[in-house]
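Peer 1: Okay, sequence plus prediction incoming.
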Amino acid sequence: MQIYKVGGAVRDRLLGIPVTDIDWVVVGATTEEMLAKGYRPVGADFPVFLHPKSGEEYALARTERKSGRGYGGFTFHASPEVTLEEDLIRRDLTINAMAEDEQHNLTDPYHGQQDLKDRLLRHVSPAFAEDPLRVLRVARFAARYAALGFTVAPETLALMRQLSDSGELEALTAERSWKEISRALMEDQPQIFIEVLRECGALKVLIPEVDALFGVPQPEAHHPEIDTGIHTLSVLQQSALHKLPLTVRWACLLHDLGKGLTPTEEWPRHIAHEHTGLKLIKAVNERYKAPKDCQELALLVGQYHTHGHRALELKPSTLLELLQSFDVYRRPQRFEEFIAACEMDARGRKGLEQRSYPHADYMRGAATAARGVAVQPLLEQGFKGPELGEAIKRERLKALKVYKETAST
């Protein structure tokens, strides 16, 4: 029985970056031996155990064989006869197919260490093309390690194109896809994830609504980068640079989907794209079963981001409607995330990345003014039910009128 540290823990140690998760592989052991040593079984499809003290996962060395479509279409075989090399060859990338024993001796049968030096994301074997989830995983690794100079090997990109064309991507479950997408969006350079998916043809399969934005022009006066797809990537990049949460990054990715529906004869203008895009945002939300907070913010940002850019010009009544739409009185954080997404949209334009965005503080001030209206005096005046709601609305409108006048002087 031999135990090896494998995968990301080995890769990241060799790269000199912090190791967050440690995976272990056990060679030459049976399930009975693991149980006898106090390990607790957790694997449903193949033998995985939790260490009795550390709680870390230990998996028996195994092989796999394609038996159906999609990520789950595999049968696994674990036995004491399975070698370390046989276990490693079923992994996705060479940099993830290295192992270390307890004396830190490296086992690297597929030249992962050389690919680390060459900054290449390269598949281990042709079996890579059997698992469609690997398209998303490689794109995610490209986003994670882009700052270190990593790129996808041409032959691996070719296999990713093959997978994208095969129809296998459609077999991925919403849950597995969302797990990869959400993790990729939280990397330091999430725009690379989208670029790689587009380069291998996967974006038009997975999120065709985003793919459709590339090549769609916008007015150069407002968008020096012109191309809507490039603008979307820049907005996403800004959201990462500003360390914003997943909700905001998801909204940034989807905020301009309506521009993909604009008839070509109307280019480069995109009248009412905020409203036409809502059905597309809803479709993408539902396709990946995005968490409720991500879904809600994406729809609100899609509908109201141009309100944010015109906040200084909005009439008090329109400003009030905006605040009501976000329920700023009970959910102030959601409005704050909307403001952040608007600011990223403004900064995600060529040469304007450092521009100031006074609209942000103006909207925050408006929300504070509206929230400052006291309800108790209205109750004391005898207002109740629907009349109370109307009275509160009138007082908030007054407060916003005063705020706008004060802010403009």
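Peer 2: Thanks, I have the structure now. No experiment lies behind these values; they were computed from the predicted model shown. Residues are numbered from 1 along each chain as shown.

Peer 1: Check the gap between the closest residue in space to Leu400 that isn't next to it in sequence and Arg371 for me.
Peer 2: In space, Leu400 comes closest to Pro316 once its chain neighbours are excluded; the distance is 4.0 Å by CB to CB, 6 or more residues apart in numbering. Using the backbone N, CA and C atoms, a C-beta is placed for each residue, glycine as well. The gap separating Pro316 from Arg371 is 15 Å, by CB to CB, to the nearest Å.

Peer 1: neighbour-wise, which of these two wins?
Peer 2: In terms of neighbours (other CB atoms under 10 Å), Pro316 is the more surrounded of Pro316 and Arg371; the figures are 20 against 13.

Peer 1: Could you tell me which residues within stretch 112-122 count as buried?
Peer 2: Of all the residues in stretch 112-122, those buried under the rule 16 or more other CB atoms under 10 Å are Gly112, Gln113, Asp115, Leu116, Leu120, Leu121, Arg122.

Peer 1: nope, stretch 124-135 is what I was after
Peer 2: Val124, Ala127, Phe128, Ala129, Glu130, Asp131, Pro132, Leu133, Arg134, Val135.

Peer 1: how about JSON lines for the residues you listed, with distance to Asp108 and pLDDT added?
Peer 2: Putting those into JSON lines (distance: CB to CB, whole Å; pLDDT from 0 to 100) gives the following:
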{"residue": "Val124", "distance to Asp108": "11", "pLDDT": "97"}
{"residue": "Ala127", "distance to Asp108": "18", "pLDDT": "90"}
{"residue": "Phe128", "distance to Asp108": "18", "pLDDT": "93"}
{"residue": "Ala129", "distance to Asp108": "23", "pLDDT": "91"}
{"residue": "Glu130", "distance to Asp108": "23", "pLDDT": "88"}
{"residue": "Asp131", "distance to Asp108": "22", "pLDDT": "91"}
{"residue": "Pro132", "distance to Asp108": "27", "pLDDT": "94"}
{"residue": "Leu133", "distance to Asp108": "24", "pLDDT": "95"}
{"residue": "Arg134", "distance to Asp108": "20", "pLDDT": "96"}
{"residue": "Val135", "distance to Asp108": "25", "pLDDT": "98"}
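
Peer 1: give the contact list for Gly149.
Peer 2: With CB atoms under 8 Å, 6 or more residues apart in numbering as the criterion, the residues that contact Gly149 are Arg119.

Peer 1: Identify the residues contacting the helix or strand encompassing Ala340?
Peer 2: In this structure, Ala340 is located in helix 332-347 according to DSSP states H and E. When contacts are taken as CB under 8 Å, 6+ apart, the neighbours of helix 332-347 outside the stretch itself are 235, 238-239, 242, 244-245, 247-248, 251-252, 255, 293, 296-297, 300-301, 304-305, 308-309, 323, 326-328, 352-355, 357, 359-360, 363-364, 367, 371.

Peer 1: Kindly recompute the last result at 6 Å.
Peer 2: Contacts with helix 332-347, where a contact means CB atoms under 6 Å, 6 or more residues apart in numbering, come from 235, 238-239, 244, 247-248, 251-252, 297, 301, 305, 308, 326, 328, 353, 357, 360, 363, 367.
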